[in-house]
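**Student:** Need a 3D model of the following:
(chains A and B)
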Amino acid sequence: MNKFILKDINASFESYQQLIEFYKENESKYFKTIEISFEKWFGANMSSVLGGILDILSNNLNSIIIKDIPDNIQRIIQKNGFLAYYGYPKTIDFNNTTIKYQKLKPNDGTFFNHYIMNELLERSELPKMSNPLKKKIAESIYELFANAKMHSKTKFVYTCGQFFPQKKLIEITITDTGIGFKNKINSRFGRDLTAIQAIEWAISTGHTTKQGISGGIGLSILKEFIEKNNGKIQIVSDNGFYQFSSNGLVKKSFSLPFPGSIINVQFRTDDIFEYGLSDEENDESIF
Amino acid sequence: MEPVNIQVYSIVGNSLCVDAEDGQRVFDQISQALKANLTVVVSFLNVEMLTSAFLNTAIGQLYRDFSEEVIKKSLTTKDLSNVDKALLKRVVKTAKMYYKDPTWMEQTLSEITGENSK
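**Tutor:** Here you go, the predicted model:
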């Protein structure tokens, strides 16, 4: 039996490092029982990251046991449906601020689209937002799912989120356990970019690894939107950590690689920018 | 001859035009019409969500197979909000750059690694 305690996990560099270390300690284990418990805090969003890691470990026929969960943590990760994957009953969530944890196949696009509609756009518990802002948020999330699906070669995409009514934030996390930015770009172009260089390249407009089809706009549009919205974006891929927010840009390296990519985005719901307005375009100027 | 009317909502089957695969089906229809030297009107009526991933395949890749002149002359859009038109304009601008210069991606990689572009 291998026992691990995840301590005070939230969307921070240190927490991602802790989760990567947990993965690395277990990645070569087969037919073992891996027991996880929690201390202090576990942000609901991080279910997306932990779910991806635990799936890789389960694929090695390890048994995953989650126990000794402090009440405040259990309430949240049971409400968001995460614990249902690990032997706990589903609970009905009243006064809900969680966006359900989902494990989706990349070709579950239609299901994902409905999930975002139901979980993000049509919920009465949502903080008040203008319709153009809601549309921008939803489109950004669709871009992320389309990206993970197209580029990562992942078997599943793990997604989860939460509203913070007091802080006026929506946070959503999308994790894949696929090839990662660095390996994808380096194998496509025969280069040797670091993980951070690969993330920076991918987030710049028009940069794509697709062959024969232009693209590479989704992430740069997301970054521009986050800038206007005063939100935050974090990208973890391989050993690279990239964070952009109104506090500036943070680029760091983990001591070990994450087996895939994580995109964590925070949107401000009290954003009053008028996204519905844009310059008049005509077909002459478009094409 | 009357232009060919392409209803995006009808091809995709719902109002969320977000997947690249759905864009491919729109592209196939526009492409067939342009190959037959017809003019095309693409209507986005009832479309609620659009992503660049969808528009890259639906419209962007036309620039691989047709000249800018043919596209400008033969293709028009309708029922597209100004915000979505701005997104389409960006998709088109990127597509033109991508297909015009196949070495562009390599150059951008050299810039990021600090190498001189070849």
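**Student:** any idea which helix is longest in chain B?
**Tutor:** Scanning chain B for the helix with the most residues, using DSSP state H, yields helix B:82-100.
**Student:** hmm, it touching chain A?
**Tutor:** Yes: against chain A, helix B:82-100 shows contacts by C-beta under 8 Å from any C-beta of the partner chain at B:82-83, B:85-92, B:94-95, B:97-99. From N, CA and C alone the C-beta is placed, and that goes for glycine too.
**Student:** By neighbour count, which of the residues you listed wins?
**Tutor:** B:Val91 (28 neighbours; other C-beta atoms under 10 Å in any protein chain shown).
**Student:** For that one, list the residues it contacts.
**Tutor:** A:214, A:217, B:52, B:55-56, B:59-60 (C-beta atoms under 8 Å, 6 or more residues apart in numbering or on different chains).
**Student:** what's the burial count for the nearest residue to it once chain neighbours are set aside?
**Tutor:** Distance criterion C-beta to C-beta, 6 or more residues apart in numbering or on different chains; nearest residue to B:Val91, sequence neighbours excluded, is B:Leu55 at 4.3 Å. Residues contacting B:Leu55 under the criterion other C-beta under 10 Å number 26.
**Student:** Break down the stretch 51-200 of chain A into its strands, ranges please.
**Tutor:** Assigned by DSSP state E, counting those that start in this stretch, the strands in the stretch 51-200 of chain A fall at A:63-66, A:98-104, A:157-164, A:169-176.
**Student:** can you put those in a markdown table and add mean neighbour count?
**Tutor:** Putting those into a markdown table (neighbours: other C-beta atoms under 10 Å in any protein chain shown) gives the following:
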| stretch | mean neighbour count |
| --- | --- |
| strand A:63-66 | 16 |
| strand A:98-104 | 22 |
| strand A:157-164 | 24 |
| strand A:169-176 | 25 |
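**Student:** now those as JSON lines including mean pLDDT and distance to chain B?
**Tutor:** Formatted as JSON lines, these follow (pLDDT from 0 to 100; distance: least, C-beta to the nearest C-beta, whole Å):
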{"stretch": "strand A:63-66", "mean pLDDT": "96", "distance to chain B": "32"}
{"stretch": "strand A:98-104", "mean pLDDT": "91", "distance to chain B": "13"}
{"stretch": "strand A:157-164", "mean pLDDT": "91", "distance to chain B": "13"}
{"stretch": "strand A:169-176", "mean pLDDT": "94", "distance to chain B": "14"}
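**Student:** now those as TSV including distance to B:Asp28?
**Tutor:** Shown next, in TSV, are the strands of the stretch 51-200 of chain A (distance: least, C-beta to C-beta, whole Å):
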stretch	distance to B:Asp28
strand A:63-66	44
strand A:98-104	26
strand A:157-164	26
strand A:169-176	28
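**Student:** List the residues that contact A:Gln78.
**Tutor:** A:84, A:88-91.
**Student:** from those residues, which has minimum pLDDT?
**Tutor:** pLDDT across those is lowest for A:Thr91, at 81.
**Student:** Spatially nearest residue to that one (excluding sequence neighbours)?
**Tutor:** A:Gln78 (5.0 Å).
**Student:** And the strands in chain B?
**Tutor:** B:4-7, B:16-17, B:40-43, B:49-50, B:75-78 (DSSP state E).
**Student:** Any chance of those in a markdown table with mean pLDDT, mean neighbour count and distance to A:Asn147 as columns?
**Tutor:** Listed next are those as a markdown table, based on pLDDT from 0 to 100; neighbours: other C-beta atoms under 10 Å in any protein chain shown; distance: least, C-beta to C-beta, whole Å:
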| stretch | mean pLDDT | mean neighbour count | distance to A:Asn147 |
| --- | --- | --- | --- |
| strand B:4-7 | 96 | 16 | 26 |
| strand B:16-17 | 92 | 24 | 16 |
| strand B:40-43 | 97 | 20 | 24 |
| strand B:49-50 | 92 | 22 | 15 |
| strand B:75-78 | 95 | 18 | 25 |
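**Student:** Report how many residues lie close to A:Gly248.
**Tutor:** Quick note: A:Gly248 (other C-beta under 10 Å) scores 7 neighbours.
**Student:** Could you tell me the per-residue confidence at it?
**Tutor:** On pLDDT, A:Gly248 comes in at 93.
**Student:** Next: A:Asn95.
**Tutor:** pLDDT, read off for A:Asn95, is 63.
**Student:** got it, and the one 10 residues further on?
**Tutor:** What the model reports as pLDDT for A:Lys105 is 91.
**Student:** Counting neighbours, what do you get for it?
**Tutor:** Around A:Lys105 there are 13 residues (other C-beta under 10 Å).
**Student:** quick one: it from B:Arg64, how far?
**Tutor:** From A:Lys105 across to B:Arg64, the span is 29 Å (C-beta to C-beta, to the nearest Å).
**Student:** What helices and strands are in contact with the worst-scoring helix or strand of chain B on mean pLDDT?
**Tutor:** The weakest-scoring helix or strand in chain B, judged by mean pLDDT, DSSP states H and E, is helix B:104-113 (a mean of 87). Packing partners of helix B:104-113 (3 or more C-beta pairs under 8 Å, 6 or more residues apart in numbering or on different chains; DSSP states H and E): helix A:181-189, helix A:195-203, helix B:82-100.
**Student:** Figure out which of those is closest to A:Phe13.
**Tutor:** Closest approach to A:Phe13 among these (C-beta to C-beta): helix A:195-203, 12.6 Å.
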